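[1] Predicted model and sequence below, questions to follow.
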Amino acid sequence: MDITTKLLVIDDEPLILDVFECAFSQPEYIVQTAQNAAEGLAAFRDNRPDVVLMDVQMPDCTGLEALAQLQRLDPKIPIVLMTGHGTAATAIEAMRIGAFEYLLKPLQMENLTQVVTSAAETSRMTRTPAFLPSETPHQGNHGDCIVGSSRAMQEVYRAIGRVASRNVTVLILGESGTGKEVVARAIYQYSDRAAQRFLPVNCAAIPEHLLESELFGHEKGAFTGADRKRIGKFELASEGTLFLDEIGDMTPLMQTKILRVVQDQQFERVGGSESVQTDARLIAATNRDLAKAIADGSFRSDLFYRLNVYTIELPPLRERMEDLPELVDYFLYRYSHELKKPLTSYSPEALEQLNAYQWPGNIRELQSVIKRAVLEATGPVLVPAFLPDSIRRPQFRLASLSPAEPTPASPPTTESPLGRAGDNSKLARPITATALAEALEALAAQQLSNDSNNNIFEEVVAVAERAAIAATLRCTNGNLTESSRRLGISRTTLRAKMLSLQIHVDQNAVVNYSE
Ligand SMILES: Nc1ncnc2c1ncn2[C@@H]1O[C@H](COP(=O)(O)OP(=O)(O)OP(=O)(O)O)[C@@H](O)[C@H]1O
């Protein structure tokens, strides 16, 4: 589930404040506004926001002065400056001294949403500590614990300890949901650069032409729309840490450019000829099998060898099932507190069922199963009845994720094969594309029987779109960023589709839609 992001918007133009209040609504965002720097600083002190958006020119102070004051209070909160054409040079200068990004006025909604989302994600990752088990007991602390005492996880902790304070590139490998991001955050936090920036970039979530500019920046006029110079993440992260997630999804051109930075710590901004030096420490992660990608030519072997200076491999959960009880305890404790439900233990039968499952989605899947169980629980003990069908009844497991399992001839239920609305844990049962096409055809045929219906294409497509979006939201526990990445559509498009298809994620991350 997305955590609520607190935005502080400081601008003397009421219209700008209105734009934010309309565009960023609860439960995803809480917007606080201030009309001058003094008010903004007071709001910042009283109610530490996750992201600040601030005008470059305010009645009582310049943007650069205000930026310096905010950074003294908390250097880890991303500050985005908003500027008109006349003051863009100041905004670019501000990025050199620590602003996260700048936005040109008049604000463009897509750009604005993208920058706010990325700043919120950076803020979350930078400010949520990731504890190693030896450091803190997980009871009562704020942040994420890395849980597990298996031999494989002990090796991971040793690796984090060994590499954190050495200034080397780290490559983190592991299936989706095994904890790559949380390990990257731990390395950063235990490194000598912990007081500097941590900038995450999800290489799979950004289209190639934008990724290049995101990482390396661009010069004015480098391409259509590049009406101002931009500083990229490699430059911004100098002295800090750059976390390149999903690096296995980068195109060959991007791989070549990254190779050059990793080799020479130098690069050129897009459209520029000046070499820019960077001292960013690189942490890269991927869930791709890079050896296979090298073999099929989709990943450069020279880049792999450069990144592979120090590799941490995270085991899938099914290979360290001895950690399961500890993980279940941790998530039970965490969610029973968060959701204020007194579920604190589990029955041997529930553990047996959790143990028998293969966990294709790894810890992320376990986390969402336990959260849902806590929500559904009607007593103090987690019993099998609170577990989703995918775990209780093996025939409900995803065929593509557990190839060894025979596909049932006919699932013992009359529900829709796409699962029912409002049930996040409902993974799709094995279903073939032909069966699905037949179901959609039957739906179209049904609509055709109504002579006055001349909107059949849109209605059938809407059913398919709703199914894809709802299933993905359930699988990611309502996380819009992750869902847009998995669906391959922008977050803005996802939000627009959710609105038009009436798909809602409530505050407990339960997905519902009206037909
Ligand atoms: N060992 C662990 N102990 C406790 N929680 C964990 C552990 N590993 C992962 N998690 C939690 O599981 C969730 C998924 O982890 P994370 O996002 O780090 O996975 P990932 O490998 O980066 O996934 P992806 O490849 O899909 O981006 C997070 O909420 C994280 O806090």
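    On my side now, so go ahead.
[2] which residues in the stretch 1-150 of the chain form helices?
    Remark: helices assigned in the stretch 1-150 of the chain by DSSP state H, counting those that start in this stretch are 14-23, 37-46, 63-73, 88-96, 109-127.
[3] rank those by mean pLDDT and give me the bottom one.
    Of all those, the minimum mean pLDDT falls on helix 88-96 (a mean of 78).
[4] the inter-axis angle of that one versus helix 63-73?
    Inter-element angle recorded for helix 88-96 and helix 63-73: 20 degrees (by axes from the mean of the first three to the mean of the last three CA atoms, to 10 degrees).
[5] Quick one: closest of the helices of the stretch 1-150 of the chain to Leu494.
    The closest of those to Leu494 is helix 109-127. By CB to CB, the value is 10.6 Å. To be clear about C-beta, it is placed using only N, CA and C from the backbone, and glycine gets the same treatment.
[6] among the helices of the stretch 1-150 of the chain, which is nearest the ligand?
    helix 109-127 (9.8 Å; CB to the nearest ligand atom).
[7] How about that closest one and the ligand, touching?
    No - under the criterion of CB under 6 Å from any ligand atom, helix 109-127 makes no contact with the ligand; the nearest approach is 9.8 Å.
[8] how far does stretch 84-100 sit from the chain's center?
    On the basis of CA atoms, centre = their mean, to the nearest Å, stretch 84-100 is displaced by 27 Å from the centre of the chain it belongs to.
[9] and it, which residues are buried?
    Of all the residues in stretch 84-100, those buried under the rule 16 or more other CB atoms under 10 Å are 87-88, 90-95, 99-100.
[10] now stretch 190-209
    Neighbour-count burial for stretch 190-209 [16+ other CB under 10 Å]: 190-191, 193-194, 196-206.
[11] What are the contacting residues of stretch 193-202?
    If you take CB atoms under 8 Å, 6 or more residues apart in numbering as the criterion, stretch 193-202 is touched by 75-76, 121-122, 125-126, 181, 184-185, 188, 211, 214-215, 233, 236-237, 239-246, 281, 485.
[12] circling back: quick check: the two most widely separated of the buried residues of stretch 190-209?
    Tyr190 and Ile206 (28.0 Å).
[13] Which ones among the contacts of stretch 193-202 map onto strands?
    Applying DSSP state E to the contacts of stretch 193-202, the entries found in strands are 241-245, 281.
[14] And the closest residue to the ligand within the stretch 151-300 of the chain, what's its pLDDT?
    The minimum distance from the stretch 151-300 of the chain to the ligand, using CB to the nearest ligand atom, falls at Gly179 (2.7 Å). Model confidence at Gly179, given as pLDDT, is 95.
[15] quick thing: my sequence starts at 354, can you match it?
    Taking 354 as the first residue, the last one we looked at is Gly532.
[16] Let me have the buried residues of stretch 437-453 in a markdown table, extended by distance to the ligand.
    Below are the buried residues of stretch 437-453 laid out as a markdown table (distance: CB to the nearest ligand atom, whole Å):
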| residue | distance to the ligand |
| --- | --- |
| Thr440 | 38 |
| Ala441 | 35 |
| Thr443 | 36 |
| Ala444 | 32 |
| Ile445 | 32 |
| Glu446 | 34 |
| Ala447 | 31 |
| Met448 | 27 |
| Ala452 | 27 |
| Phe453 | 22 |
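[17] what about the protein, any weak spots by pLDDT?
    Scanning the chain for pLDDT under 70 picks out the ranges 354-355, 438-439, 441, 487-495, 746-788, 845, 867-868.
[18] So which residues on the stretch 604-753 of the chain come close to the ligand?
    Within the stretch 604-753 of the chain, the positions near the ligand by CB under 6 Å from any ligand atom are 640, 716-717, 720.
[19] what do you get for the stretch 454-603 of the chain?
    The stretch 454-603 of the chain comes close to the ligand at residues 497-501, 527, 529-535, as judged by CB under 6 Å from any ligand atom.
[20] Go again with 8 Å.
    Contact residues, the stretch 454-603 of the chain versus the ligand (CB under 8 Å from any ligand atom): 483, 497-501, 506, 525, 527-537, 555, 598-599.
[21] Just the buried subset of these, please.
    483, 497-501, 506, 525, 527-528, 530-537, 555, 598-599.
[22] which residues touch the residue in the stretch 754-868 of the chain that the ligand sits nearest to?
    For the stretch 754-868 of the chain, the residue closest to the ligand is Glu835, as judged by CB to the nearest ligand atom, at 7.2 Å. Listed by CB under 8 Å, 6+ apart, the contact set of Glu835 reads Thr829.
[23] What helix or strand is it located in?
    Assigned by DSSP states H and E, Glu835 belongs to helix 833-840.
[24] buried ones in the helix or strand that comes right after that helix?
    Using DSSP H and E, the helix or strand that follows helix 833-840 towards the C-terminus is helix 844-853. Buried positions in helix 844-853, judged by neighbour count with 16+ other CB under 10 Å: 844-845, 847, 850-851.
[25] again with stretch 707-727
    So, applying 16+ other CB under 10 Å, buried residues of stretch 707-727: 707, 710-727.
[26] Where do the strands of the stretch 704-853 of the chain begin and end?
    For the stretch 704-853 of the chain, the strands defined by DSSP state E, counting those that start in this stretch cover 734-735.
[27] Helices of that one, start to end?
    In the stretch 704-853 of the chain, the helices defined using DSSP H, counting those that start in this stretch lie at 715-729, 742-745, 786-801, 809-828, 833-840, 844-853.
[28] Which one, of these, ends up nearest to Glu572?
    Among these, the nearest to Glu572 by CB to CB is helix 844-853 (26.7 Å).
[29] wait, does the closest one contact the ligand?
    No - Helix 844-853 is not in contact with the ligand by CB under 8 Å from any ligand atom; minimum separation 15.8 Å.
[30] got the CA coordinates for that helix in PDB?
    What follows is helix 844-853, C-alpha atoms only, in PDB (Å, rounded to 0.1, in the frame of the first residue of the first chain):
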ATOM      1  CA  ARG A 844       1.100   6.500 -13.400                       C
ATOM      2  CA  THR A 845      -0.900   9.300 -14.800                       C
ATOM      3  CA  THR A 846      -2.600   7.000 -17.300                       C
ATOM      4  CA  LEU A 847      -3.200   4.500 -14.500                       C
ATOM      5  CA  ARG A 848      -4.900   7.100 -12.400                       C
ATOM      6  CA  ALA A 849      -7.000   8.300 -15.300                       C
ATOM      7  CA  LYS A 850      -8.000   4.700 -16.100                       C
ATOM      8  CA  MET A 851      -8.900   4.000 -12.400                       C
ATOM      9  CA  LEU A 852     -11.100   7.000 -12.500                       C
ATOM     10  CA  SER A 853     -12.900   6.200 -15.700                       C
END
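[31] so what strands line up beside the next helix or strand after that helix?
    Per DSSP H and E, the first helix or strand lying C-terminal to helix 844-853 is strand 856-858. Applying DSSP bridges, strand 856-858 is found paired with strand 864-866 (antiparallel).
[32] Can you give me the buried ones in the partner strand?
    Residues 864, 866 are the ones in strand 864-866 that count as buried (16+ other CB under 10 Å).
[33] which one is Val736 nearest to, not counting chain neighbours?
    In space, and not counting its chain neighbours, Val736 is closest to Ser700: 4.9 Å by CB to CB, 6 or more residues apart in numbering.
[34] oh sorry, the question was meant for Glu675
    Ser503 (5.0 Å).
[35] go on, Gln720?
    That would be Phe684: by CB to CB, 6+ apart, it lies 5.5 Å from Gln720.
[36] tally of neighbours for the one you found?
    For Phe684, the count of nearby residues is 20 (other CB atoms under 10 Å).
[37] Please, which helix or strand holds it?
    When elements are assigned from DSSP H and E, Phe684 belongs to helix 677-691.
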